[in-house]
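Trainee: any chance you could fold what I've pasted below:
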Amino acid sequence: MTTNTQPAPWATESSPPLRLLAVLLAIPVIAIIAFTVFQPIQVLPRISLAPGFAFTDQTGARLTSEDLRGRLALYTFTYTRCEAPCPQPSRTLHELQPALAAIDTGGIPLDYVVISFDPDHDTPERLSAHAQTLGVDPDRWHFVTGAPNQLKNVIGGGFGVYFNQETGGDFTFDPVFALVDGWGILRAVYRTSSPDPNILARDVRLIVKETRNSQGISRYAYEAAHLFSCYPR
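Mentor: Numbering: from 1, shown residues only. Model (predicted):
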């Protein structure tokens, strides 16, 4: 007795549905591999939400983290009695400003925030005098301080910056610069007394480009870049 067996229709090589299914499954896999390898879009990592605060600035006015929404902000942390060989981050920040001012931010303001962890000495008057010594634009530069416990929470806890007051009143601290985007998200931390201006300018440009293009369908491409960690080396 002869049994005539034939393969199931879906198992034949000529089955169009099977080939179509294979192609449809291969497309996203190939796209993911290509996106990961070639990184057509690069982004800065979203490190964490930057800490919220309400401090007093060099004019005696209140400055909050919400006041900086929609603006890029470059932070550093110091105290005005810091003299050489103590690192002087505020002066370093001032030296970095020309390179950053040359960047086309598309109308997105870039502010500079210097947080003093010496509130007993750094009154608004002394912060104002320090700002005048540097000759900075008061509309873009904010020298602020606040209550000791708040400073500890914001600087130490939020930004992860070490500082400690010694017996004589001076401070030891790690020089750190932090870049926060207009959504209030910490995007880059530079743990050095002298950040590379080229790297800093590159990072600002990346945030500006992402801000411009994170609307409509292009937003999904940027979300994919974050998903696959398409970060600059």
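
Trainee: list the contacts for Tyr162?
Mentor: Residues counted as contacts of Tyr162 (Cβ atoms under 8 Å, 6 or more residues apart in numbering) are 156, 173-174. Glycine gets a C-beta too; all of them are placed from N, C-alpha and C.

Trainee: what about the helices in this structure?
Mentor: Secondary structure of the chain (DSSP state H): helices located at 16-38, 89-101, 124-134, 148-151, 197-213, 218-227.

Trainee: quick check: buried residues in the third one?
Mentor: Of all the residues in helix 124-134, those buried under the rule 16 or more other Cβ atoms under 10 Å are 124, 126-128, 130-131, 134.

Trainee: surely Pro197 and Leu96 touch.
Mentor: Yes. Here Pro197 lies in contact with Leu96, judged by Cβ atoms under 8 Å, at a distance of 5.5 Å.

Trainee: just want the most central residue of this structure.
Mentor: Nearest to the geometric centre of the chain sits Arg187, at 1.9 Å (Cα atoms, centre = their mean).

Trainee: distance of it from Arg91?
Mentor: 24 Å (Cβ to Cβ, to the nearest Å).

Trainee: just give me the neighbour total for the closest residue to Pro89 other than its chain neighbours.
Mentor: Nearest residue to Pro89 in three dimensions, chain neighbours excluded: Thr76, at 3.9 Å (Cβ to Cβ, 6 or more residues apart in numbering). Neighbours of Thr76 under the rule other Cβ atoms under 10 Å: 24.

Trainee: go on, Arg62?
Mentor: Neighbours of Arg62 (other Cβ under 10 Å): 12.

Trainee: residues in contact with it?
Mentor: Per Cβ under 8 Å, 6+ apart, neighbours of Arg62: 54-56.

Trainee: which one of those residues sits closest to Gln42?
Mentor: Minimum distance to Gln42 across the contacts of Arg62 is 33.3 Å, recorded for Phe55 (Cβ to Cβ).

Trainee: how close does the residue lying closest to that closest one once chain neighbours are set aside get to Pro98?
Mentor: Of all residues not flanking Phe55 in the chain, Val144 sits nearest, at 3.7 Å (Cβ to Cβ, 6+ apart). Using Cβ to Cβ, Val144 is found at 23 Å from Pro98.

Trainee: the two: which is more packed in?
Mentor: Between Val144 and Pro98, Val144 has the larger neighbour count (other Cβ under 10 Å), namely 25 against 9.

Trainee: need the contact list for the more buried one.
Mentor: 55-58, 63, 113-116, 127.

Trainee: 10 Å instead, please
Mentor: 53-58, 61-64, 75, 113-116, 119, 122, 124, 127, 151, 154 (Cβ atoms under 10 Å, 6 or more residues apart in numbering).
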